[in-house]
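>>> Coordinates for the following, if possible.
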Amino acid sequence: MDYNWNFASVFAYWNVLAVGLKGTIQLFIICSILGLGGGLIMGMLRYAKSRWISYPAMLYVEVFRNTPVLVQIIWFFFALPVLTGVEVSPVMAAVLGITLNTIAFSAEVFRGGIQSIEREQWDAGKAIGMSYVQSMRRVILPQALKRMLPPLTSRGIEVFKMTTLATVVAYPETLQQAKLIASYEYNPIETYTVVALMFFVVLFPLVQLTYILERRFAKSDA
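The predicted model follows:
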């Protein structure tokens, strides 16, 4: 196949891609902070002994884990204003969809990490007079976080890649900006290749950093 690559037509719009990358990073930061923070809370609620607390948390997790993020974003953007009368901006629809989905998945990571800690650790905290919250904060979570780092890292990477779904509501993230360039210059192969490379350049160092942290945690446990 004889194809003439023309990346110059993509780099001519570097400012357009820069706007998209900025939008992607902003969305990633917001959704990661809210999603992982909410996941910690939801995971603790899932582990609660009271069924009045754990069952609603379980229902939330199952609903958002078993429905597509793309559908959730579209629903928040189009259906929520009809039901509530409140207009939802593209960024708000994207934040709601990605964040609520991230909370559901990370909640299961946190719940599994908490459950992996031996019961004797809870008993030890209780024996020295710690409350449930104190035992969780001082004893359980510090140990569980080391075990949860790999799946939480994977979830963070997924959140970064999920930001591309915001293009469905025309939020100006990287993929949306790339679509504009491809429509102007008729160069989708070059444009989307550059987008893929941009994502790799951003994510690869983050992944390597988590490998370093994992090895340090493994040494500290040895």
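>>> hey, C-alpha coordinates of the helix-or-strand element of the chain with minimal mean pLDDT in PDB?
Lowest mean confidence among the helices and strands of the chain (mean pLDDT, DSSP states H and E): helix 132-135, at a mean of 78. Output in PDB follows, covering the C-alpha atoms of helix 132-135 (Å, rounded to 0.1, in the frame of the first residue of the first chain):
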ATOM      1  CA  TYR A 132     -13.300   1.700  64.000                       C
ATOM      2  CA  VAL A 133     -12.300   4.900  62.200                       C
ATOM      3  CA  GLN A 134      -8.900   5.100  64.100                       C
ATOM      4  CA  SER A 135      -8.100   1.500  63.300                       C
END
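>>> Now do the very next helix or strand once past it: which elements does it pack against?
Remark: after helix 132-135, the chain's next helix or strand is helix 141-162, criterion DSSP states H and E. Counting by 3 or more C-beta pairs under 8 Å, 6 or more residues apart in numbering; DSSP states H and E, the packing neighbours recorded for helix 141-162 are helix 14-46, helix 90-115, helix 188-221. In short, each C-beta sits where N, CA and C put it, glycine included.
>>> Verify the stated contact: E87 with P81.
Yes - using C-beta atoms under 8 Å, E87 is in contact with P81, at 5.3 Å.
>>> And the residue nearest the centre of the chain, how far from I98?
By C-alpha atoms, centre = their mean, the mean C-alpha position of the chain lies nearest to V159, the distance being 3.1 Å. Computed as C-beta to C-beta, to the nearest Å, the V159 to I98 distance reads 6 Å.
>>> try L180
22 Å.
>>> next one: S106
In terms of C-beta to C-beta, S106 sits 12 Å off from I98.
>>> and for these two, which residues touch both?
Taking C-beta atoms under 8 Å, 6 or more residues apart in numbering as the criterion, S106 and I98 both touch G35.
>>> Contacts only, for the residue nearest to R147 when sequence neighbours are not counted.
Leaving aside its chain neighbours, R147 sits nearest to G113 (5.2 Å; criterion: C-beta to C-beta, 6 or more residues apart in numbering). If you count contacts by C-beta under 8 Å, 6+ apart, G113 has them with 43, 144-145, 147-148.
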